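# below is the sequence, then the predicted model.
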Amino acid sequence: MYETKSKWFKKVLRATLCFLVVCGSLSAMSFVPNKEEETPQVPIETELCVYSAPLQVSPTPTPIPIEEEPAEPEADPNPYAELSPTDTEKELLACMAYSEAGNQSFDGQVAVVQVALNRYMHEAYSGSISDILLAPYQFAVGSHYEPEQMEAVEAALAGYPALDLNTDVVYFSTGCLTYGSYYKTIGDHVFRTYT
């Protein structure tokens, strides 16, 4: 039993000495002498020894933050966002909404305003919003509107989805149309696309 303790003590002593030699070597290397004051180095003969301590593992790994790429801003889905009608054009749109759809739901009033805006934006039509509204046999534009019709104009410009923001819807009628393709019915009006 004495021999077992002695062997164990020798192993611990050897590991401790190796540890101290390594620490001493590292400490000596950290002090770099000036070239002017070079001192002779004494070679140190050491016995190679390996000591391994038990590996300490953290029970909970530390999360590594992942940098996310900045998201690209989403495009504005409102096709009317770039339009800047004048106050006069807004009033004409409100008068048209009153004349054409004053007895319809709010969605129906917004939809007829968006048809006029869609024509303004469509390549098949030309001129200003006023030109499009006042073209012969196109829209009924009276001289009166209520606050509700101006709200419909503002909602249409803000991208209210009465026509699901489909800018190809350029016709509406209370009767049957023989041109364009059927798109949607809102109240008494049938809305149709250009093709």
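Noted; the coordinates are in hand. Because the structure is a prediction, the values reported are computed rather than measured.
# pLDDT weak spots in the protein?
With pLDDT under 70 as the threshold, the chain has low-confidence stretches at 1-10, 12-13, 15-61, 73.
# please repeat the previous calculation with a cut-off of 90.
1-76, 174-179, 195 (pLDDT under 90).
# could you pull out the helices for it?
Using DSSP state H, the helices assigned to the chain run over residues 2-30, 87-101, 106-121, 129-134, 147-157.
# relative to helix 87-101, how tilted is the third one?
Using axes from the mean of the first three to the mean of the last three Cα atoms, to 10 degrees, the interaxial angle of helix 106-121 with respect to helix 87-101 works out to 130 degrees.
# could you list every helix and strand in contact with helix 106-121?
Secondary-structure packing of helix 106-121 (3 or more Cβ pairs under 8 Å, 6 or more residues apart in numbering; DSSP states H and E): helix 87-101, helix 129-134, helix 147-157, strand 169-173, strand 181-186, strand 189-193. Every C-beta, even on glycine, is put in place using the N, C-alpha and C of the backbone.
# in a markdown table, list the ones you listed along with distance to residue 80 and mean neighbour count.
Conversion of those to a markdown table gives the following (distance: least, Cβ to Cβ, whole Å; neighbours: other Cβ atoms under 10 Å):
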| stretch | distance to residue 80 | mean neighbour count |
| --- | --- | --- |
| helix 87-101 | 11 | 21 |
| helix 129-134 | 11 | 18 |
| helix 147-157 | 5 | 20 |
| strand 169-173 | 13 | 22 |
| strand 181-186 | 17 | 15 |
| strand 189-193 | 16 | 20 |
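# in JSON lines, list the ones you listed along with distance to residue 75.
Output for the helices and strands packed on helix 106-121, formatted as JSON lines (distance: least, Cβ to Cβ, whole Å):
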{"stretch": "helix 87-101", "distance to residue 75": "25"}
{"stretch": "helix 129-134", "distance to residue 75": "24"}
{"stretch": "helix 147-157", "distance to residue 75": "17"}
{"stretch": "strand 169-173", "distance to residue 75": "20"}
{"stretch": "strand 181-186", "distance to residue 75": "23"}
{"stretch": "strand 189-193", "distance to residue 75": "22"}
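# my understanding was that residue 104 contacts residue 185; is that so?
No: Residue 104 lies out of contact with residue 185 (Cβ atoms under 8 Å); the separation is 11.3 Å.
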